[in-house]
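Participant: No letters, just coordinates:
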């Protein structure tokens, strides 16, 4: 019954979305008052999807094997948390989560958005309804998560062991909240283009959604990166896998949008450009969903290869993106450009930021899709990996990071002060970093060397906007910007240190033997069998020391039976100046074991930087919300209350 | 700047950015894209030495040999028409077995494929698409056509 209730809720929600769209059409044609019914419909629709999602969680929690999806992706012997998280560790469940977030976001817009004009809100809610409608159709027609099996099998096929990790409970929901949060920016942009009300009020309505989505995307990407780092046992934190790129592309677009929206909010300029970015950002989310969910890619994320679903998603993508671009082409040119600005100004710096981010986005986009194009055209198969992305996008990213240190110092409209004078200390530190790396580490590659240099410049430069201000009176949003920009320098340092100074050791080791890696001496004591709830394991005992004190690490190899799989569970120890990363490989006929060891100096700064960037976004969001409260702007909804 | 000029400048800047992105991407892709080959392709001389490439096929039965250091292994990949010797230093993935499908990333060096990474079939539902086709054709007893 639970599964049927979920399905019924989904059908009802789809019906309401259709009704919501019709209401918008009526409202745009005549002057009838539809705001109240639309708000109600949007909220009920959000609640219904939540009900459907809760029903899915329930059948997974109960291990109801008569539901096909549970049978295919769960097993009664699985730990409870993975039973629940397994609900979105598969195609149908994750699409239901996507739709749920989309509908709930629409409900929140209906309830709380009070800044845009009434007609723009109506149009935006209509756009949100159309988006949801397409994905309801996709779920109900091509990906029903509640399909039953007769007769019910005794037990399920299990969940991919790589996904049996706390990361699954956190990473996909965060990323999806970010992806789908951008749908609100998309809908508001579409609404504003329809009504022509592209102004700073709209930007201020859109900004919290962009900030929130961007913060969650940053968190989701950082968390996913750390998850891949410790779970795959390959020692890398970013593989330029198409699925990783699928999350990076919306992030790049959202980052650009986040900056241009400030120009629109503060100065009323960059109208068309900002609307374009809002459309592109959510389009990139949909491209990402298409790449991941169509099974067109090789990845642990590509759960199933099913041409029907791929075609369906591609059609949705083409319709939505195509319609939005047509709307933009028709209405974009009619927008009046806002306040003028001079070449040296905050606006220009933000335009440059946007251009560089767009170029990087273009490079990542082309590199990710190139293999698909080539195969479609010539049938030749190829892949594009780290060498391309690092060498083409890397230098541009460094240039952008350097400019991050300068842009915030410029004032709006025109800059007459000698701003470069403030940058003496950062410039000196950068030069110092460059000289020191040349003297101490002449052999490292150019990109990490420049990475250190730019980080040494950006770290002090990012704090400059706070100088000469009372820290308590500085707006929270400014603090957010400073923290996020400083986080870039921190992450950059971690990436450069990892690229330049990691040491790796791979060897067959007999119990009692020593291996050295970086400053560490690592001894293999023994390898013993171990057992978990739904796997058996081999566990190595390693003792590591670098001078004083001995620490013990226990990397494992897990053997799962449902489905039959092995995974390497790395054992990682974190120190203030880096991580010792150990992986147990296979037994060697000689009686030894393959061991893979890494010493990764300051690698943790990568995720610390990611966390700082996300915290900066959260602070900026908090600042905007508090400020809005304080200002008490007139609310058109007041007359309904 | 007058608003009209400003818009013109912004539009041209955006165009320049787009063109720049495409040019940079094309340049990078020409140099860095790794093609996917089968042993038959390599026998036909399609792959050039030293260039990043991927090799896919089945691990030939009885071909896996370990070198004395314990972490370097050699094996032969076959597609039923030709074979390519592969050398790999590292820990192979969980389901790397003789007779099962494999995709190796690396480059060709005088007839030997030097692999940096090996991808194998992960579970029933995760399989590189390139390999999916190969395996299906293999099962169907078809000759492997490119």
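Facilitator: Right, received. Where do you want to start? Note that the coordinates shown come from a computational prediction; the quantities given were computed from them, not determined experimentally. Numbering: from 1, shown residues only, chains lettered A, B, ... in the order given.
Participant: can we go C-alpha only for contacts and neighbour counts from here?
Facilitator: Fine.
Participant: and the residue of chain B found nearest chain A, helix, strand or coil?
Facilitator: Nearest residue of chain B to chain A: residue B:35, at 3.8 Å (CA to the nearest CA). Under DSSP: H, G, I helix; E, B strand; the rest coil, the three-state class of residue B:35 is strand.
Participant: Run a quick neighbour tally on the residue of the stretch 51-200 of chain A found nearest chain B.
Facilitator: Chain B sits closest to residue A:160 of the stretch 51-200 of chain A, with a gap of 7.6 Å, by CA to the nearest CA. For residue A:160, the count of nearby residues is 24 (other CA atoms under 10 Å in any protein chain shown).
Participant: picking that back up, the residue of chain B closest to chain A and residue B:60: what is the separation?
Facilitator: According to CA to CA, to the nearest Å, residue B:35 stands 22 Å off from residue B:60.
Participant: residue ranges of the strands in the chain, please?
Facilitator: Unless you meant another one, I'm taking chain A. Taking DSSP state E as the test, the strands found in chain A are A:382-383, A:503-509, A:514-517, A:520-531, A:535-546, A:548-553, A:556-561, A:564-569, A:571-575, A:578-587, A:593-601.
Participant: not what I meant, chain B
Facilitator: B:34-37, B:52-59, B:65-66, B:72-78, B:83-89, B:101-109, B:112-120.
Participant: could I get these as TSV with distance to residue A:203, mean neighbour count and mean pLDDT?
Facilitator: Output for these, formatted as TSV (distance: least, CA to CA, whole Å; neighbours: other CA atoms under 10 Å in any protein chain shown; pLDDT from 0 to 100):
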stretch	distance to residue A:203	mean neighbour count	mean pLDDT
strand B:34-37	43	22	85
strand B:52-59	46	25	86
strand B:65-66	63	15	86
strand B:72-78	57	22	91
strand B:83-89	54	21	92
strand B:101-109	46	22	87
strand B:112-120	46	20	86
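Participant: Most proximal residue of the stretch 251-400 of chain A with respect to chain B?
Facilitator: Nearest to chain B in the stretch 251-400 of chain A, going by CA to the nearest CA, is residue A:382, at a distance of 3.8 Å.
Participant: So that residue sits against residue B:33, correct?
Facilitator: Yes - using CA atoms under 8 Å, residue A:382 is in contact with residue B:33, at 6.5 Å.
Participant: list residues touching both of these two?
Facilitator: residue B:53 (CA atoms under 8 Å, 6 or more residues apart in numbering or on different chains).
Participant: returning to what we had before: comparing the strands of chain A, which comes out most buried?
Facilitator: Highest mean neighbour count among the strands of chain A (mean count of other CA atoms under 10 Å in any protein chain shown): strand A:593-601, with a mean of 24.
Participant: contact partners of that strand?
Facilitator: A:235, A:497-498, A:501-510, A:517-520, A:577-588, B:70-71, B:91.
Participant: Stretch A:512-522 now?
Facilitator: Contacts of stretch A:512-522 (CA under 8 Å, 6+ apart): A:502-505, A:509, A:523-526, A:542-546, A:597-599.
Participant: hmm, try it at 6 Å
Facilitator: A:503, A:505, A:523-525, A:543-546, A:599 (CA atoms under 6 Å, 6 or more residues apart in numbering or on different chains).
Participant: Dump the residues you listed to TSV, plus pLDDT.
Facilitator: Shown next, in TSV, are the contacts of stretch A:512-522 (pLDDT from 0 to 100):
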residue	pLDDT
A:503	92
A:505	91
A:523	93
A:524	93
A:525	92
A:543	93
A:544	93
A:545	93
A:546	90
A:599	95
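Participant: about what we covered before: pick out the shakiest of the strands of chain A, pLDDT-wise.
Facilitator: Ranked by mean pLDDT, these end with strand A:564-569 at the bottom, a mean of 78.
Participant: what does chain B put close to chain A?
Facilitator: Contact residues, chain B versus chain A (CA under 6 Å from any CA of the partner chain): B:3, B:17, B:21, B:25, B:28, B:32-36, B:70-71, B:91, B:94, B:128.
Participant: Among these, which ones are in helices?
Facilitator: Within the residues of chain B next to chain A, residues falling in helices by DSSP state H are B:3, B:17, B:21, B:25, B:28, B:32.
Participant: ChimeraX command for the buried members of these?
Facilitator: Filtering these down to the buried ones (16 or more other CA atoms under 10 Å in any protein chain shown) takes a single ChimeraX command:
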select /B:17,21,25,28,32
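Participant: Could you single out the nearest of the ones in helices among the residues of chain B next to chain A to residue A:428?
Facilitator: Nearest to residue A:428, judged by CA to CA, of those is residue B:17 at 31.0 Å.
Participant: And the residue nearest the centre of chain B?
Facilitator: Centroid-nearest residue in chain B: residue B:54, 2.1 Å away (criterion: CA atoms, centre = their mean).
Participant: Alright, calling it a day.
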